[in-house]
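Peer 1: pasting the structure only:
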DNA sequence: TACCTTTATGCAAACGTTTTCCTTAAACGT
DNA sequence: ACGTTTAAGGAAAACGTTTGCATAAAGGTA
């Protein structure tokens, strides 16, 4: 009953009185093998419960049919949607994905890079941590000709394919829309400036205000980790003195939701007294009341684009020499909060 | 510049005029190697940019230090939280995790089982699809002595470690609480009966009503996939005739939220006219207004338990012969919706 | 001095494939 | 009837480690 030793290509060969090479070729539908032999081999493989050892195969052939994926965390809506899209696309092409979470830790990210390299993955897709400014730990892939694609959180300058959202435009749209809706006294809660996302969203937002001849008061602008706790602290500061702002743009939805809850507790009416815009179109934004205006990033499209990019590079075994960007549009989803 | 050929243990050996075995042992801190040699080897490895080939190592040593994880989808809050917990715990013990999504497809699940086996993972953690009733495709692991742990969506009878929530108790608490709050005319929207979760939540819920001498009207009980669309359809049926139910228990939060929105559009007041309870304590439940009562499942604890279980089995190389269950408690989080 | 341990290292096989280079026999063309 | 092509398959090396066994040197003991 207990079958300790899983059968190998050699076992099948012996059973059938053919050579191991014939078995290997037959299983891979090599044209040099007759149909009759192929059938015979496959039937026996089936019967003996043969399963190929991909470690051995990968060692010899120098490819694993595995794509590595490094993401900051799968528990964020945007990222988990992307992971799903990537996995579906890649699996449909016969490759497998191994998903690793960096937990937004640069140290862990470096470790994961090494682990993936050690596993000899055929290609890598990365959305870096929020704190990654030096991307040199990814050099090992380019140095060894392993295709590399970044998405969303990406380096400014790195010889790789880059898929990113139009964060500048997303920020601009948010800023412009607040002004259009009559906001004069605007606050802006942005993320850490170590990350391209927040640099771009911020630059776009501020440009929109400038374009409308509105200036952003310096003490109405915040740059910090966009967590619940930080959002509350910022609210305490922001609403410690009147006049209150009449419009707030938050560079992520978690923050926007906290602000929303805070100002309602304060007795302010949304959108009459204050308008709020978030970023990412998280499912919570349409549940909250009044529903929140937010910037849609089309994560499914972004994931599919990243997957297609890596597949293309892997299949044609080419490594890009210089940065090559692809942009995914954004769209302001207008709801009751504005 | 372009370093095509990554250096191997043999390269280091030649450089240092020692044997490959010495290098191998030195790198793994084998006690038979002198400290001097270890230092020398490690320094050279570093200098030459050596990275071990884990395919080769795994092939020879018959272990990969990789734990496979099969989950239905990472985009659900409960699951993504668990994945994170599992990954953190396992990584801390020096193993790596490869995450695979079955997308709730039994076919894909079978494929993933094979892929993981082919990669010779050291152990496997599984939360099955909602439709998996026949678990025999997992036999390959037990047959080859590869430890296996199921969590959340688990088989009724399978020789493996099982970590599951107290769904029966969770259901009972929900039922009992609705009665306590005065509901007489109760509706129950449950998931597909192919899945242990919904069988248990259902059985517990109904038992609670029985214990309170309340009977559940058959046309107030639904069993279907718990999607948004289905929730709306069920609402249309449920609220097509009066009297409306005065309490609803939904076996997941997505459904509870849809019901919530539906009855508010209908002009009913929550909780005065109707009370609603969901399951899983999804972040959306505390955002929605009024905030929703829901059953907390402690996904982080469940993930940690699953990870510890597999690590223990892998490290002592033991395979369990008969089902062995560990239960994670649940807790009814009472909010304004009741 | 002879013998036994201990310590540090080398040798070579083994892991299960894939792949390069051959061999053989049959089929083909003229 | 001859050389030439084609089809089918085998032999053996190779991929980069790990590991059981052997060995040499150094140290300890009687």
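Peer 2: Looks like it came in fine. What you are looking at is a predicted structure, and each value in this text was computed from that prediction instead of being measured.
Peer 1: can we go C-alpha only for contacts and neighbour counts from here?
Peer 2: Fine.
Peer 1: Neighbours of residue A:14, how many?
Peer 2: Neighbour count for residue A:14, taken as other C-alpha atoms under 10 Å in any protein chain shown: 12.
Peer 1: tell me what the lowest-mean-pLDDT helix or strand in chain A is packed against?
Peer 2: Every helix and strand of chain A was ranked by mean pLDDT, DSSP states H and E. The lowest is strand A:96-101, at a mean of 92. Counting contacts by 3 or more C-alpha pairs under 8 Å, 6 or more residues apart in numbering or on different chains; DSSP states H and E, strand A:96-101 is packed against strand A:66-71, helix A:77-92, strand B:96-101.
Peer 1: Comparing those, which comes out most buried?
Peer 2: The highest average neighbour count among the helices and strands packed on strand A:96-101, using mean count of other C-alpha atoms under 10 Å in any protein chain shown, belongs to strand A:66-71 at a mean of 24.
Peer 1: what pairs with that strand, and is each one parallel or antiparallel?
Peer 2: Looking at strand A:66-71 with DSSP bridges, its partner strands are strand A:96-101 (parallel), strand A:123-126 (parallel).
Peer 1: will you turn those into CSV that also has distance to residue A:290?
Peer 2: Listed next are the strands paired with strand A:66-71 as CSV, based on distance: least, C-alpha to C-alpha, whole Å:
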stretch, distance to residue A:290
strand A:96-101, 34
strand A:123-126, 35
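Peer 1: Between those strands, which one is closest to DNA strand C.
Peer 2: With C-alpha to the nearest atom of the strand, the closest approach to DNA strand C among these belongs to strand A:96-101: 15.5 Å.
Peer 1: what angle separates the closest one from helix A:77-92?
Peer 2: 160 degrees (axes from the mean of the first three to the mean of the last three C-alpha atoms, to 10 degrees).
Peer 1: How far away from the center of its chain is stretch A:188-195?
Peer 2: With C-alpha atoms, centre = their mean, to the nearest Å as the basis, stretch A:188-195 stands 18 Å off its chain's centre.
Peer 1: just stretch A:106-126 next, same as before
Peer 2: The answer for stretch A:106-126 is 15 Å, by C-alpha atoms, centre = their mean.
Peer 1: Quick one: residues in contact with that stretch.
Peer 2: A:62-71, A:100-102, A:128-129, A:131-132, A:137-138, A:140-141, A:146-151, A:306-307, A:310, A:314, B:51-55 (C-alpha atoms under 8 Å, 6 or more residues apart in numbering or on different chains).
Peer 1: Could you rerun that using 6 Å?
Peer 2: With contact meaning C-alpha atoms under 6 Å, 6 or more residues apart in numbering or on different chains, stretch A:106-126 is reached by A:64, A:66-70, A:102, A:146-150, B:52-54.
Peer 1: Name the nearest residue to residue A:48, sequence neighbours excluded.
Peer 2: residue A:7 (6.8 Å; C-alpha to C-alpha, 6 or more residues apart in numbering or on different chains).
Peer 1: The one you found reaches residue A:52, doesn't it?
Peer 2: No. Under the criterion of C-alpha atoms under 6 Å, residue A:7 is not in contact with residue A:52, lying 8.9 Å apart.
Peer 1: Good, we can wrap up now.
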